[in-house]
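Participant: Can you look at this prediction? I've put the sequence above it.
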Amino acid sequence: MLLLAGALDVSLPQPAAVEYAGLLPQARLVVQPGSGHAPRLDDPERLLAATTAFLATTPARNPA
């Protein structure tokens, strides 16, 4: 599971994102510098890079 947080998010501060990631097994937290609550809007290229890197290192699961 990929969790993406904005470093400047006041709605979900970075310490809370770190805590959430710690509660989820195998979660990977990426904190996007310079982004607020909507990193996908603040810096979509960085979001794409983080998502691509995550998918490249995550084994496929068989839903069956």
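Facilitator: Perfect, I can see it now.
Participant: For Pro33, list the residues it contacts.
Facilitator: Contacts of Pro33 were listed using CB atoms under 8 Å, 6 or more residues apart in numbering, and they are Ala7. No exception for glycine: its C-beta is placed from N, CA and C like everyone else's.
Participant: Now do it against Ala5, distance only.
Facilitator: Using CB to CB, to the nearest Å, one obtains 11 Å as the distance from Pro33 to Ala5.
Participant: Check Ala16 too.
Facilitator: Separation of Ala16 from Ala5 (CB to CB): 8 Å.
Participant: Glu45 too?
Facilitator: From Glu45 over to Ala5 the distance is 17 Å, taken as CB to CB.
Participant: Helix or strand with the lowest mean pLDDT in the chain?
Facilitator: Of the helices and strands making up the chain, the lowest-confidence element is helix 39-42, at a mean of 88, by mean pLDDT, DSSP states H and E.
Participant: residues making contact with it?
Facilitator: Leu4, Ala5, Gly6, Gln32, Gly34, Ser35, Gly36, Arg46, Leu47.
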